[in-house]
Structures are given as structure tokens and as C-alpha cells.
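**Q** Dropping a prediction and its sequence here:
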Amino acid sequence: MTDPDKIRKDITSNIARISSEGADYVDARYYMEDSSETLVLYDGDLEANDTTVQSGVGIRVLWNGAWGFAATSDPSGIHSCFDRAAQNARTASELVRVPVSMGRLDPVRGSFSTPVEVDPFTVDLKDKMAFLTKLDDGLKDDFVLKRVVYANFMKRRIHFQNSEGSEIRKDLVHTFGMMMAMALDTDGEMQRRSMNLYTTGDGSAGWELMADPKQFLENTDRIRSELAQLVRAEPLEYGRRTVILLPGQGHLQVHETIGHPLELDRILGYELSYAGGSFVDLDSFGRLQYGSEKLSASSYGGIANSPGSFGFDDYGTPERDYLLIDRGLLVNALTSRAMVNEANERAGRKVFKHIGGAARASAFYRAPIDRMTNVNILPGNDGTLENIISATDDGIIVDNPVSWSIGSNREHFHFGCEIAWEVKDGRRTRILRNPTYQGHTLDFYRSLSAVGDSSTWRVEQVNNCGKGEPNQVMQIGHGVPVVKFDDVISGERK
Amino acid sequence: MLDANIRSILMQVRDEAAGEGIQASFLLHHEKSHLMRIGNNSVSLNTSEDLLRLDIVVTDGRRQGSQTFLGAVGSADTVREVLASAREKARLATPKTYQPIPDEVQVTVSEDSQFDIDLADLDPAVKAGAYGGIFSELGEEYNYSGSWSSGAMEIYLLTTSNSNEAYHRGTDQLFSVVLKHPEKKWELTHQQTGWRAGDFDTGRTVAEISKLLPAYENSPGYKVEPGEYTVLFGAPALAEIVEMAAWTGLSGRSWEEKQSWTAKSSPGQSILGENISIADDPGNPETFMFGFDNCGRKRRIFPLVGNGDLLSLMYDSGTAARYGREPTGHDTGSPSLVMDTGFGPGDPLEAVMGMGRVLYIPALHYVNIPSRSKGIFTGSSRFNAVLVENGEIVSPIFSTRITDSFQNVLGNAAVISSRSESVNGSNTYGRRTPVAMSVPSYMVSEGVKITDSADSF
Ligand SMILES: [Zn+2]
């Protein structure tokens, strides 16, 4: 698309036009740029060398309490796109039993930029390849059968505007990475060991994150060495034991069994036809003991350089830092403006005092829904990983997911991980392969018996969270420490 | 049909590229999609998209680069720009250790046998009306959700290898409704699929849900203890198991790289029960039929498993090049997996009449693969799942987890339905790419491992 000024003027005049025709509310998101680059080295061969560029406008109209949405990538089609969104809203309003209420808010004007030192899109492909090839070389070994090095860069320049006079500019940059080595174990089954790019929560999110030697470069030896032990290891036997999650696994546990069940649209029943519901209901807030007193979880968390940090959500609401779970007690949810209004009305009390700022859309051609931002477990007082191990009699430490399957109301789960370390009488003993564990969400978090301090805490990045219809893939962060759970079913029955 | 201006622009730039000796493919994807979403008995979203994507892949010896553009293709200059970016990426790429197989449209083809103008132009008001009708027929006291995706898509592929053109146009729809009891929390669902507007019938949904309502209304939930059970899988569950089994066990890449549960077997060896045959059949009208893949290769019926024996594996172009095999026409987002029917009666309850206690699990929620090498999958029951005794529905069951292997579940099928059913497996994450499988309407497997269950639906 060309001439952003003209497009913004078209948006302003069309918002005024549709509002004057009787719309309750209108907003538009104009993506001036939305670029994504993916590089995959597979056994050293560059199997993916892809860039996607897109730009366009997504328009949302609320009419008699019903949403209509339409999108176009054709700059000459903006006027008719507004008409289509309005028509879609009018059609929807024919079948509305629970009218959407946005309330009235003062206009918001602001901007947000992801902190970036080096824009990954300005780094020469040659330099990127040189770096990734060096990583790949670091994974090579005689026993290693497969190597994968993955990099994904995203850049978005977004203009938001609504009929209340809000105007927001966002410049978002994300850098994702993964490296993995695979080898056959003594039974001829493929085992793998991998690592994802993470952040410490401070600093920036550009190419420098990938290039930081403390991330990938200094970990290739560890990956190879753990894999070498894994392929000779015994499988984990079925039994009840303590399970210690490193952040590489803990973040997905939090994602699936704290994040998803606390999305307010899911709680209110708007995801039943696809993702599912939630075991949490409006009565649960302020009353449900979600976990032990050691569990405190937050949304956003003021993290500077995470894919879940974006300044303002796609309703134009500022992103807020607040607790979801306070010392075990469920106190809040991941919320957007429309869902907060509906929930408070349905409950007949102010269950949610503030709007969480968690409405997000994955592209200009998708409508925003309630998403995770950064969903975090706060660091605890149980010391370092070594302190936690030394206080454990019989357990395993697990890292990195292989498989995840969760009940439709997020009430139960089953995870498979890459690696386990056995813990006996306060000491790490041997590595075990094919670890799995399963549980019921509330019982599991109520068995949380140790939370690592800030030395164990880091922000894991997720770039593949799926939700909504039409489906949307979202980027999210999870700041998590090492966490320990007691009496967990692990391994599979014979 | 394809916009004449876009076609001539693409042919012009293709010809220019061929003249310069560039090896490139041009894949145009155009969709007009509509989706109506229902939540809390209301339309919660009513959305239209008209999106055009152009993928250009350039092969420069052993180097490759690709660029995807989403936007308006109004002039040859736009296409030239995308080509230049792909070319630059290929120039800077590190060379592969093998020679990639260049894309080539093998024969000129234009297909639209599954295109229905009535579905392409379906008025969203029809959808709202149908949902409203279902609510009033089944009862306004329940909570309803659902989604109804429909649309038209076209693909147009050109390569510099020759002057052939491949064109596909089709329509598709996937309808679902979820009925939830506001207090008791159980959920019932019904789905419909097809490529014609006329494939949808409100009465069918009302009838199917009505059949199960009495059992759900009149019995409390039943908690299934872990153990081995005879399980009656419905078509959606069976389709998911077969699709996952094919993805992890029948793809050439998984097999070559020893990651699959079939890795220790060779073609000709037994991998599943003798009553299991699976093919990829793009000529089966219960699937969405794509006659060519995204590399221009013609697709035809491709047997994968015959009477339990591994027959062949699916090779995409990249895997074939890397391992020195022939590509099999499987570079597509839309395989047409077909599992052969058996000899069981049409009615699933009749099939389990003399079998005592049976778990009827029509669909699986959130299936994943803890071990590809061992072929182990896990997932849980959700909608419409009931305990059956001697062919009679006794009670709905609480959310129940199955963790078992493809080899066991597809190796111990006691009864397979003689009737086939089309199961729509499309998602709407990326570009519109309809996928459907044809599978028996049910399969009864013995000794299926139940590993966990909740105390609620
Ligand atoms: Zn997710």
C-alpha cells in the first residue's frame, strides 16, 4: 500500500461516515507494514528462506450491540470495506441475545515501540546465515543424526483509530529462535534436545537477542552433551513423585493451565465452538483457591522486551500490569473492554474493576479477541534450583515440551518432555528419557511446594499460540521461575 | 474465474523471467471467505475477507529463496518487485547439499468441479437465520455456540520451466453448533461439511442432537476409571487418528529420518490390522479434490496402507530431492486421505450390541503425540461421548483421556462401518485451504487404554 497519509485520512472520514449512519462504535487498524522472515537450517541445508510482506486495513463496526468485521489489502477498497463491515454488523444484529456494550471511554492517544538495538530486517542475510551456520556447526557430532536451527523475525507498524477519538501508533519487533539436535537411543527411537530463545525481561528484542552469546552460542555444547546422555538413558517408570519444572517446560504449563483458562472470553463461553471453555466461572474470582500460597501469577508484568508487551491492545486500551492469582487466590482474568462490561453485567457485581488491555488480533484481517499478554509466575523464596533439588527426596526435573494435550475446560492435562533428571535424596542422579506427567489443574497447583528465586526466573517466548475463529496465531511471553510440584503422576502405565 | 488482468500480468512476468534464465514459480492464492461465529446464542462475529497472496520461489542452482506478498496485484511492477526480492534472497542463500527439484506444471489443467456459486455468494443472513432456527427447534433454554465458515478460493500456478498453467477453483463450508446445558455443563455438537450451499440442512443437525438429548438430560455423568476398554470411535475421532497416524508414520520425511512409528518397517511389511487400508485419493468426492500440488505435480490415487501392510510413503518435493526419491504429488496443504470402509452395520449402536460395556467417543479434543517413534497419541473425549451397554446408551461420560498407540487402536479394530463419512479437517489459520477426509462412519477397537478422567464434562 502506498501513501499512508491518504489512507489515514480515508479512515478518519469513513469512521465519521459510519458513525453518523448509526453505528455504536467503529475502529480501524491500519498495518502500514507487517513483515515476517523465517530461516530454517536443517542439517545445515537452508530449507526455509522465506519472507512475507503484507499491509492492509481491518475495520470493526458495532451496530445495535453486534460486531461486524471486514478487511482489505486494497487501498482503493477502503470505503467499500467500511460498508461491508457495517453491513456484517447489521446482519449480526438480527441474532443478538446478549448485546455487546463498549461503554464510553475517553480518547487514548499514545504510542509504543518495542525496544530494539538492531532491527533484524536490517541485518544482511549473509550475516544472519553466517551466525546460524556457526550455531549449526556447534550442534554437530558423530552421534547426532539431525540438527535444526530456526530463526523468525517479525516487524509490524500499526496505526489504530476509533470513533471515540483514540489514535495509537505501535511499532512492534519480535525475534524468535530455536536450536535442536536429535539422535537415536538404544531402542532405535529418536530423542531430541532443544532450546528456545528467551529474554531476561530487561533489555531489547532485536537481532542482538539472537546474537547474545549467552543465549545460543554458549549452549550448543550443553545441548549435545545432554543428548549424548539421553540416548543411553533408561525410560522413566510410571509412578507418583515430585516434579520440578525448568522454565523451558514451566512456561507451557502456565500457558495452558493458567493463561488459557483465565481468558475472559473463554470463561464467558465465546470459545466453545473451537478452543473450549474454562473450569473457572465468574463466581471463582476472589473465592477460588487456584493453588498453594506459593503461587502468584501476573499479567504483563512490566516486561520490556517480550512478544507479549505491546503498550496498547487492539481496542486501544493501555496494557496493564496486575495479578491474576495472589498467593494462591484467583483474583483477576485476561480481559478486554467488551468482555469486562459483559461479565460485570452478568455477575451483577463489579467482578473486574479495570480493563486488562488484553484484546489482540494476529493480523489486519483478523478481529481482536482476548489473549494472553505475558502470563507470569512471580519469583518465590525457595532459593536457587540447587536449593530446590537439595530439598527433594524423590522426584524428577523436566525440561522442554515434546507433547501437550489439555482438557477442553483446561481442567486436566498431559505433557511429554524432552528430558528428565532423576532426583534422589536431595541430589541429581541420572538422566531419564521419554518423561511424561499428567494431572488435574487445581490439584496440581495446590501441590506447588517450592518456587525458585529470581535467579531461576526468565521470560520464555511463544510464537504459536492458536485461538479464535477465524484462527489466529499469537506471540506471547511467560516469565517463570523454577517450580516444584509434589505427588504428580508421571510416566505411563505399562 | 481468474481475473484476466492478473493472469496476463503473471504470464508476462513469468515470460520475462524465463527469458532472463531465472528458475522461478509463481503461485497465486485468492480467497473470499466469510465466517459467522456464535456465542451465548448471539452472533459474536460476522467477518468477511477478500485476500490475495502471491508466492514466488526462485531456485538458483542449489540456492533457493521465496517471497510472499499479500496485497493487490495491480501491475506487473508489483510482481517484478516480489520476484526481485525472492531472487535476492536466493542469491544470498547458502547452497544446499543436494539439488532442489524445480517446480514444473506437468500439464495444463483448469478444474472447478467443486465450485458452487451459491455457496461463494452465500448471504450471511442465511447463516444467522439457520442458527436462529436451530435454537428455537432445540430449545432456547440451552446455551449455543458455533461457527460457520464458507468461501471460495482459487489457485493459479505458473513456472518458468514451461508455458503450462494450473488453475483450481473451489468452494467449501464447515458448519458447527455446540449446545451446552447452562447448569449441568455438558456439551453436544453437530457439524456439517460440503462444497455446495445445498449440502447444509438444518433438519439434520436438529435430528442428530435430539437423538442424544434424552440421555444427557436424564442421566448424571459417568466417571470412567483408567483401564482398557472397547471404544466405539465416531468418524471425527477416527479421522483425527488416521490423519495423525499418516502425518507421523506415512510421510517420507519422518520415515527417512527414523522419527516415525513405521521407521523400522519397509514397504510390504505389516504395520496395522488386516482390515485397515488407507490411500490419498484426490478423486474421492468426499474429500476436497486438488488434482495438482503446489509444485505443479499431477495428483492421482496413492495407496499408503493396504490390508494393514505399508505400501508407500508420501514424498514432498524437498524430501524427495534430499533423499533421491520421486516426488509423489504431496506438496499440498490438502491431502485427500481415505480410509476404506468395512462390513459393520450402518448403525453404530447395533455394531456393539453384543459387546457389553463400550465407550462411544465420537470426537477427540486436543490430540498430540508424546512419542512419534512409538506411535503414541493422547487426547480426551468432549462432545457427545457416552457409555453404551449392549447397544443402549446408558449415560454421558465425563472428560476422559485416551493415551494409546496407532498400532494398537488401528490394529485391533473389531468392527468397521460399511458406510463412509466426510470429515472436514480445515482450519482457518493461514490461507483458505479446505481439507476433508473420507473415513468409515465408526470403528470399534478393543483394548483401548484410558489413562485419566475428570470429575466433570
Ligand atoms: Zn495457547
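**A** Happy to help now that I have it.
**Q** Can you list phi and psi of residue A:185 for me?
**A** phi -90, psi -180 (degrees, to the nearest 10).
**Q** pLDDT score for it?
**A** Note for residue A:185: predicted pLDDT of 97.
**Q** if I look at it, how far off is chain B?
**A** Separation of residue A:185 from chain B (CB to the nearest CB, to the nearest Å): 9 Å. All C-beta spots, glycine's among them, are computed from the backbone N, C-alpha and C.
**Q** With adjacent residues omitted, what lies nearest to that residue?
**A** residue A:231 (4.3 Å; CB to CB, 6 or more residues apart in numbering or on different chains).
**Q** Count the residues that sit near the one you found.
**A** 21 (other CB atoms under 10 Å in any protein chain shown).
**Q** Pull up the per-residue confidence for whichever residue of the stretch 101-250 of chain A sits closest to chain B.
**A** The nearest approach of the stretch 101-250 of chain A to chain B comes at residue A:189, 3.6 Å away (CB to the nearest CB). As predicted, residue A:189 sits at a pLDDT of 95.
**Q** Look at the closest residue to it other than its chain neighbours and say how many residues are nearby.
**A** Distances taken as CB to CB, 6+ apart place residue B:373 nearest to residue A:189, at 3.6 Å, with adjacent residues excluded. Look at residue B:373: counted by other CB under 10 Å, it has 23 neighbours.
**Q** And residue A:228, by the same measure?
**A** Neighbour tally, residue A:228, other CB under 10 Å: 17.
**Q** List the contacts of it.
**A** By CB atoms under 8 Å, 6 or more residues apart in numbering or on different chains, the contact set of residue A:228 is A:141, A:143, A:183.
**Q** Type out the ChimeraX command that picks the buried ones from those residues.
**A** Buried members of the contacts of residue A:228, defined by 16 or more other CB atoms under 10 Å in any protein chain shown, are picked up in ChimeraX with:
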select /A:141,183
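**Q** correct me, but residue B:243 touches residue B:436?
**A** No. Between residue B:243 and residue B:436 there is no contact under CB atoms under 8 Å: 10.7 Å.
**Q** Overlap in contacts, those two.
**A** Joint contacts of residue B:243 and residue B:436 (CB under 8 Å, 6+ apart) are residue B:425.
**Q** So between those two, which is more surrounded?
**A** residue B:436 (27 against 20).
**Q** and the gap between that one and residue B:61?
**A** To residue B:61, residue B:436 is 39 Å away according to CB to CB, to the nearest Å.
**Q** and the residue of the stretch 101-250 of chain B nearest chain A?
**A** residue B:145 (3.8 Å).
**Q** Walk me through which strands the helix or strand containing that residue pairs with, and which way each runs.
**A** Using DSSP states H and E, residue B:145 sits in strand B:143-159. Strands adjacent to strand B:143-159 in the sheet, as given by DSSP bridges, are strand B:23-39 (antiparallel), strand B:165-180 (antiparallel).
**Q** Mean neighbour count and mean pLDDT for the ones you listed - can I get that in CSV?
**A** Listed next are the strands paired with strand B:143-159 as CSV, based on neighbours: other CB atoms under 10 Å in any protein chain shown; pLDDT from 0 to 100:
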stretch, mean neighbour count, mean pLDDT
strand B:23-39, 23, 97
strand B:165-180, 24, 98
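**Q** tell me the pLDDT at the residue nearest to residue A:185?
**A** Looking at residue A:231, the pLDDT reads 98.
**Q** Report the contact partners of it.
**A** Going by CB under 8 Å, 6+ apart, residue A:231 touches A:143, A:183-186, A:191, A:433.
**Q** would CSV of the contacts of residue A:228 with secondary structure and distance to residue A:416 be doable?
**A** Formatted as CSV, the entries for these read as follows, by DSSP: H, G, I helix; E, B strand; the rest coil; distance: CB to CB, whole Å:
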residue, secondary structure, distance to residue A:416
A:141, coil, 24
A:143, coil, 22
A:183, strand, 18
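**Q** can I assume residue B:7 sits in a strand?
**A** No. The assignment for residue B:7 (DSSP: H, G, I helix; E, B strand; the rest coil) gives helix, which keeps it out of a strand.
**Q** how many other residues sit next to it?
**A** By other CB under 10 Å, the residues close to residue B:7 number 16.
**Q** same deal with the one 5 residues further on?
**A** Counted by other CB under 10 Å, the residues lying close to residue B:12 total 13.
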